[in-house]
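Colleague: need the 3D shape of this:
(one chain, ligands or ions: 2)
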Amino acid sequence: MVPPLALDIDGTLTTPDGRLDPRVFELLPDWEAPVALATGKAFPYPVALAGFLGRDATVIAENGGVVHVDDETTILGDPAAARAVVETFLERGGDLGWGGDETVNRWRETEVAVSVDADEALLREVAATAEGVEVVDTGYAFHVKSPDVNKGDGLARVADALGVDAAEFVAVGDSENDVSTFEAAGDSYAVANADGAATAAADVVLEAAYMDGTAAVLEALRAGREP
Ligand SMILES: O=C(O)COP(=O)(O)O
Ligand SMILES: [Mg+2]
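Modeller: Ligands and ions are numbered 1, 2, ... in the order given. The predicted model follows:
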């Protein structure tokens with residue numbers, strides 16, 4: 001029996017140049033246990049990915065701000081403080097850095113994502129003066145979010161809804177927004193490209209990077225071997 005999975009998307013199921021690795025479509029559609037997609041991306045993205053994998057949408061989106069399991073969506077994050085910080089950031093000359101009519105935040109319900117090319121110092125300066133907000137750096141974006149939500153709490157909620165112990169999940173991830181997932185899951189793997197926070201929190205740091213690392217874990221689990 002394979003274990004349930006909690007999988008980050010960017011940096012974990014992708015190639016170094018940010019494409020979804022095709023092995024995702026070999027390994028995940030027939031995985032015979034729940035697969036939770038736990039991501040910083042806005043809610044529609046992991047829902048679409050689950051749909052194109054032919055799987056139920058078991059999704060922790062927006063770093064735990066939105067959880068969808070068993071056909072039920074729960075909004076857990078409060079975007080008010082994050083939106084106020086971003087408003088001040090823009091007033092002070094900051095730019096989200098995504099270009100014109102961007103789709104990164106268009107459907108984002110509980111937080112705001114800012115490009116890694118944006119003025120990080122200004123963003124952090126503004127965020128530091130606000131209550132109830134933190135900035136999380138995934139390597140793909142700065143997420144301005146409520147500190148009251150995270151992927152790990154989302155995983156606990158998903159596990160509860162599915163009647164599985166969160167400790168049965170095997171987690172794979174690459175960045176500081178995966179630390180809480182690693183704490184909630186039973187076994188945790190950081191891909192070789194992971195940042196310092198994820199590397200420090202993981203049970204195992206993989207030799208291989210991106211989907212090469214994730215695929216090695218999934219193939220071992222599928223073969224009944226220790227990854
Ligand atoms: O949205 C991001 O910044 C990163 O997304 P991820 O959590 O799937 O890696
Ligand atoms: Mg990631």
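
Colleague: leaving out the residues flanking it, which one is nearest to the residue nearest the centre of the chain?
Modeller: With distances taken as Cα atoms, centre = their mean, the residue of the chain nearest its centroid is Thr39 (2.1 Å). For Thr39, ignoring the flanking residues on the chain, the nearest one in space by Cβ to Cβ, 6 or more residues apart in numbering is Ile9 at 4.4 Å. Placement of C-beta: from N, CA and C, glycine included.

Colleague: any idea of the pLDDT on the one you found?
Modeller: With respect to pLDDT, Ile9 scores 98.

Colleague: cool, the one 5 residues further on as well?
Modeller: Looking at Thr14, its pLDDT stands at 98.

Colleague: list the contacts for it?
Modeller: With Cβ atoms under 8 Å, 6 or more residues apart in numbering as the criterion, the residues that contact Thr14 are Leu20, Asp21, Tyr210, Met211.

Colleague: any idea what the first one is bridged to?
Modeller: Beta-bridge partners of Leu20, counted by DSSP bridges, are Thr14.

Colleague: buried residues in stretch 157-173?
Modeller: Across stretch 157-173, burial judged by 16 or more other Cβ atoms under 10 Å covers Arg157, Val158, Ala159, Ala161, Leu162, Val164, Ala166, Phe169, Val170, Ala171, Val172, Gly173.

Colleague: element containing the second one, please.
Modeller: Counting by DSSP states H and E, the element that carries Val158 is helix 151-162.

Colleague: neighbouring contacts of that helix?
Modeller: For helix 151-162, contacts defined as Cβ under 8 Å, 6+ apart pick out 4, 6, 8, 34, 36, 38-39, 58, 60, 63-64, 67, 69-70, 72, 74, 76, 165-166, 168-169, 171, 177-185.

Colleague: and if we set it to 7 Å?
Modeller: Helix 151-162 is touched from outside by 6, 34, 36, 38, 58, 60, 63-64, 67, 69-70, 165-166, 169, 177-178, 180-181, 183-185, with contacts defined as Cβ atoms under 7 Å, 6 or more residues apart in numbering.

Colleague: just the buried ones from those?
Modeller: Members of these that pass the buried threshold by neighbour count (16+ other Cβ under 10 Å) are listed as 6, 34, 36, 38, 58, 60, 63-64, 67, 69, 166, 169, 177-178, 180-181, 183-185.

Colleague: quick one: which of these sit in strands?
Modeller: The subset of the buried ones among the contacts of helix 151-162 located in strands under the criterion DSSP state E comprises Ala6, Ala36, Ala38, Ile60, Val67, Val69.

Colleague: pull stretch 114-132 out as PDB, backbone CA atoms only.
Modeller: The C-alpha trace of stretch 114-132 is given here as PDB (Å, rounded to 0.1, in the frame of the first residue of the first chain):
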ATOM      1  CA  VAL A 114       4.500  39.800  -5.100                       C
ATOM      2  CA  SER A 115       7.100  39.100  -7.700                       C
ATOM      3  CA  VAL A 116      10.600  38.200  -6.500                       C
ATOM      4  CA  ASP A 117      11.700  41.000  -8.800                       C
ATOM      5  CA  ALA A 118       9.800  43.600  -6.700                       C
ATOM      6  CA  ASP A 119      11.400  45.800  -4.100                       C
ATOM      7  CA  GLU A 120      11.700  43.300  -1.200                       C
ATOM      8  CA  ALA A 121      13.200  45.800   1.200                       C
ATOM      9  CA  LEU A 122      10.300  48.200   0.800                       C
ATOM     10  CA  LEU A 123       7.800  45.300   1.000                       C
ATOM     11  CA  ARG A 124       9.300  44.000   4.200                       C
ATOM     12  CA  GLU A 125       9.600  47.500   5.700                       C
ATOM     13  CA  VAL A 126       5.900  48.100   5.100                       C
ATOM     14  CA  ALA A 127       4.900  44.700   6.400                       C
ATOM     15  CA  ALA A 128       6.900  45.100   9.500                       C
ATOM     16  CA  THR A 129       4.800  48.000  10.600                       C
ATOM     17  CA  ALA A 130       1.500  46.100  10.200                       C
ATOM     18  CA  GLU A 131      -0.300  43.700  12.500                       C
ATOM     19  CA  GLY A 132      -1.300  40.200  11.500                       C
END
